[in-house]
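A.B. asks: based on what follows, work out the 3D shape:
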Amino acid sequence: MSLLLAVKTTLRLALGLVNLGVLFVFLAAAARAGEQYVDREGRPVGGHDVITYHTEDSPRMAHADITADYNGLTWHFVSEDNRDLFLADPRRYVPAYDGHCAYAMANGNKVRSDQLAYRAVNGVLYMNFNRNIQERWDRDIPGYLERSEANWPDLEDEPAASPRGWFF
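C.D. replies: Okay, here's the model as predicted:
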C-alpha cells in the first residue's frame, strides 16, 4: 500500500512541476511583449480597429466605447464581434514589431509608424513610417522582412518610438 501511495505522490509532484513549467513559459512570453507604438493620444494604430486591417480594404476608425485591454493598452473596435475576435487571439491581430515601422526595423531602427501605411502579409500586420516608405518596402517585402526579423530581437526591449517624427 505504501508503494502505491509513493507512486501517486511522485506522479502528482511531477504533474505539478510540469504545470509550473508551462505557466512560467507562458508568463515569460507575455512579459517579453514590447512597448507598443502609440499616437499622441496614446492609442495603438491611431484608434483604428486592428481587426479591420485584416478583414477590410482599409482600416476603420473604432468606437470609443468598444474596447479591450492588451499589452498595457486599450484597443478600440467597431463592433463587439471584432473585440471578441481580438480577445480570442490578440497576437494574431496586433501589428508586428509592436507597431513600429517595418522598413526602419529592416535598417536597424525602431521608429514610429503611420496607421494608414500598412500591409497585411500572410496574416501579419506590418506598419510603416509613411506611404512613401510603404512603397519602398513593397518593392522587396521578403528581403525587408528577413532583415527586420533578424534585427527585432535586439530592438524589441528598447523604448517605444515617439509619435513626433523619424529622428526626433
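A.B. asks: nearest the geometric middle of this structure, what residue?
C.D. replies: The residue lying closest to the centre of the chain (Cα atoms, centre = their mean) is Val94, at 4.0 Å.
A.B. asks: what residues are up against that one?
C.D. replies: By Cβ atoms under 8 Å, 6 or more residues apart in numbering, the contact set of Val94 is 36, 44, 50, 70-71, 75, 125. Every residue, glycine included, has its C-beta placed from N, CA and C.
A.B. asks: any idea how far it lies from Gln134?
C.D. replies: In this view, Val94 and Gln134 are 19 Å apart by Cβ to Cβ, to the nearest Å.
A.B. asks: repeat for Asn71
C.D. replies: Distance of Asn71 to Gln134, computed by Cβ to Cβ: 24 Å.
A.B. asks: ok, those two, which is more surrounded?
C.D. replies: Neighbours were counted for Asn71 and for Gln134 using other Cβ atoms under 10 Å; Gln134 has more, 21 against 15.
A.B. asks: tell me the contacts of that one?
C.D. replies: Gln134 sits next to 103, 117-119, 128 when contact means Cβ under 8 Å, 6+ apart.
A.B. asks: ok, of the residues you listed, which come out buried?
C.D. replies: When burial is judged by neighbour count using 16 or more other Cβ atoms under 10 Å, the buried members of the contacts of Gln134 are 103, 117-118, 128.
A.B. asks: mind checking which of those residues land in strands?
C.D. replies: Per DSSP state E, strands hold the following members of the buried ones among the contacts of Gln134: 117-118, 128.
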